[in-house]
Structure formats: structure tokens, C-alpha cells
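**Student:** got a predicted structure plus its sequence, pasted below:
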Amino acid sequence: MLHSGYRPVHRPSHHNARSSARLRSGVPAIALCLLALTACAYMPWSKKPPAAPEVVHELVVSGKDGAPSQGFPQYWKRNTLVVDLQSASGSGSITLKPGESGKWPIRVAFRVVPGSIGLLEVQADQRMLLPVTREGTKPVDLELVPGVYTAKTQQITVRWEPARAPAS
């Protein structure tokens with residue numbers, strides 16, 4: 001084999017050294033940008049408001065005169081049926097009866113606004129008084145304890161009265 005005398009010359013590559021240095025200095029900047037973009041997904045403006053609960057008609061709601069009442073929507077909150085009484089104020093009452101299924105939900109709660117009413121009275125198999133706090137601005141759910149109504153309960157009567165001024 002003939003040897004031409006060609007031998008590759010090894011020259012220090014300043015070009016590769018500069019590219020490598022630029023690449024190393026850009027990695028933290030790229031990582032920081034990716035971190036910032038990821039964090040944006042967790043910022044308050046990126047969160048969608050929770051979907052409004054779906055209105056259901058598990059119970060038949062009637063007013064004092066026995067006429068159907070549409071002013072008190074019902075929602076499922078896990079396995080509790082919430083009857084929304086946020087529009088209730090002053091004094092009033094409603095009657096609840098099982099809907100088309102003929103069965104009572106396992107749990108029933110009433111959503112009220114603090115200060116709009118003072119006391120909620122529930123009469124079924126047992127009587128239950130639910131005082132409503134005067135403090136706060138967000139609605140609260142007042143759940144009935146087991147035994148207030150049973151599967152054989154014919155109806156539940158709910159009465160409310162205004163908040164009373166504190167005694168001095």
C-alpha cells in the first residue's frame with residue numbers, strides 16, 4: 001500500500017468550543033422559559049370557573065297554597081340532594097314530596113345565605129330546627145341528620161323565619 005504522506009491535521013476547533021459555550025449558556029434560559037410557561041397553567045387567570053351545577057327535579061316542591069314552586073332549584077352534591085333556598089327571605093314555607101321515582105334521596109340539605117333567614121324548621125318523621133348563622137357572605141348547606149325522614153315519610157315541610165336582632 002502506498003503511503004501518500006497525508007496525515008489528518010488536528011487543529012483546535014474554536015468554532016465547536018464557541019457553539020458549545022453558547023449552547024450551555026442557553027440551556028438555563030430555555031429551562032426558565034419552559035418553567036414560566038408551565039407555571040402559567042396554574043395561574044388564577046388560567047383557571048376556568050367551576051361549571052354551574054346541573055338542575056335536577058328529584059323532589060316535588062310546592063308552596064304554602066299547594067301550587068308547584070319553581071323558585072327553589074335542586075342540585076346533586078355527591079350523594080346529597082341540595083334544595084337551594086337562597087332566594088328565601090323573611091318568612092315562608094314549602095312542602096317537599098318524592099318525585100317520579102317515589103323515593104327520597106339518601107341525604108337532603110338546604111342551601112341558605114347567612115343573614116337572609118334566621119331559622120329553618122324541618123318537619124317530617126321528626127322535627128329539626130336549623131339556626132342559620134348571621135356571619136358570612138357565601139351560601140352554606142345545612143344537611144338533615146339521619147332519622148328526620150325515612151323511606152315511608154309522606155312529605156317534608158320546611159318553614160323559615162327572619163333573623164332576629166341579637167338581644168342586648
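**Tutor:** Alright, I've got the coordinates.
**Student:** for the nearest residue to Arg134 once chain neighbours are set aside, list the residues it contacts.
**Tutor:** Nearest residue to Arg134, sequence neighbours excluded (C-beta to C-beta, 6 or more residues apart in numbering): Gly115, at 4.9 Å. All C-beta spots, glycine's among them, are computed from the backbone N, C-alpha and C. Counting by C-beta atoms under 8 Å, 6 or more residues apart in numbering, Gly115 touches Val132, Thr133, Arg134, Glu135, Gly136, Ala163.
**Student:** and the residues you listed as TSV, adding neighbour count and distance to Glu58?
**Tutor:** Below are those laid out as TSV (neighbours: other C-beta atoms under 10 Å; distance: C-beta to C-beta, whole Å):
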residue	neighbour count	distance to Glu58
Val132	22	23
Thr133	12	27
Arg134	13	30
Glu135	6	31
Gly136	11	27
Ala163	18	29
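**Student:** so for stretch 107-127, mean pLDDT?
**Tutor:** Mean per-residue pLDDT for stretch 107-127: 95.
**Student:** is it true that His57 touches Gln74?
**Tutor:** Yes - counting by C-beta atoms under 8 Å, His57 touches Gln74, with 6.6 Å between them.
**Student:** which of the two has more neighbours?
**Tutor:** More crowded of His57 and Gln74, by other C-beta atoms under 10 Å: Gln74, with 21 against 11.
**Student:** which other residues reach stretch 103-110?
**Tutor:** 58-59, 77, 79-83, 85, 96, 98, 120, 122, 130, 141-144, 149-151, 153, 156, 158.
**Student:** go again with 6 Å.
**Tutor:** 58, 79-83, 85, 98, 141-144, 149 (C-beta atoms under 6 Å, 6 or more residues apart in numbering).
**Student:** ok, the spatially most central residue of the chain to Trp104 distance?
**Tutor:** Residue closest to the average C-alpha location in the chain (C-alpha atoms, centre = their mean): Pro50, at 6.5 Å. To Trp104, Pro50 is 27 Å away according to C-beta to C-beta, to the nearest Å.
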